[in-house]
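A.B. asks: Task: produce atomic coordinates for the following.
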Amino acid sequence: MLNQNYHYKMTKAEVVEEISERTGIEKLVVQEAVESFFKVVKGSLVKNENVYFRGFGSFIVQRRAEKVARNISKNTQITIPAHNIPKFKPAKSFVTKVKNG
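C.D. replies: The predicted structure follows:
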């Protein structure tokens with residue numbers, strides 16, 4: 001019996017394998033498509049463009065404000081400048097599906 005706190009992590013290779021099995025498309029072709037998908041999403045976020053998938057979620061650029069942090073070991077303050085970070089926001093229907101198993 002699996003521990004309830006254990007979370008299996010599916011690898012990219014396993015995703016490619018499963019898509020290939022479900023569609024009958026060669027693994028190499030699926031791999032190229034998956035890699036292209038990642039490149040398109042990353043490129044859009046770098047250009048400050050959000051990517052939306054209805055029913056799945058959104059890859060968005062979130063702005064982090066400038067803040068002052070402390071280096072406890074040296075007892076000094078440093079300023080972390082404002083910057084953008086990538087974020088995934090799942091769709092409500094997707095969240096509901098995961099909650100209900």
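
A.B. asks: Quick one: the helices in the protein, in order.
C.D. replies: Per DSSP state H, the chain carries helices over the ranges 12-23, 27-46, 92-99.

A.B. asks: Include mean pLDDT, distance to residue 59 and mean neighbour count when you put these into a markdown table, please.
C.D. replies: Backbone N, C-alpha and C define where each C-beta goes, glycine included. As requested, the helices of the chain are exported to a markdown table (pLDDT from 0 to 100; distance: least, Cβ to Cβ, whole Å; neighbours: other Cβ atoms under 10 Å):
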| stretch | mean pLDDT | distance to residue 59 | mean neighbour count |
| --- | --- | --- | --- |
| helix 12-23 | 96 | 16 | 13 |
| helix 27-46 | 97 | 5 | 13 |
| helix 92-99 | 94 | 13 | 10 |
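
A.B. asks: how about these in a markdown table, adding distance to residue 52?
C.D. replies: Shown next, in a markdown table, are the helices of the chain (distance: least, Cβ to Cβ, whole Å):
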| stretch | distance to residue 52 |
| --- | --- |
| helix 12-23 | 21 |
| helix 27-46 | 10 |
| helix 92-99 | 13 |
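
A.B. asks: of the ones you listed, which approaches residue 86 most closely?
C.D. replies: Proximity to residue 86 (Cβ to Cβ) singles out helix 27-46 among those, at 5.0 Å.

A.B. asks: Would you mind extracting the C-alpha trace of stretch 74-86 into CSV?
C.D. replies: This file holds the C-alpha atoms of stretch 74-86, laid out as CSV (Å, rounded to 0.1, in the frame of the first residue of the first chain):
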residue,chain,number,x,y,z
LYS,A,74,26.2,38.6,8.6
ASN,A,75,23.5,40.7,10.2
THR,A,76,23.1,42.9,7.1
GLN,A,77,20.3,44.0,4.9
ILE,A,78,20.1,43.5,1.1
THR,A,79,17.7,44.9,-1.4
ILE,A,80,16.2,42.4,-3.8
PRO,A,81,15.1,44.4,-6.9
ALA,A,82,11.6,44.0,-8.4
HIS,A,83,11.6,41.1,-10.9
ASN,A,84,9.3,38.8,-12.9
ILE,A,85,8.7,35.1,-12.1
PRO,A,86,6.8,32.5,-14.1
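
A.B. asks: Alright, calling it a day.
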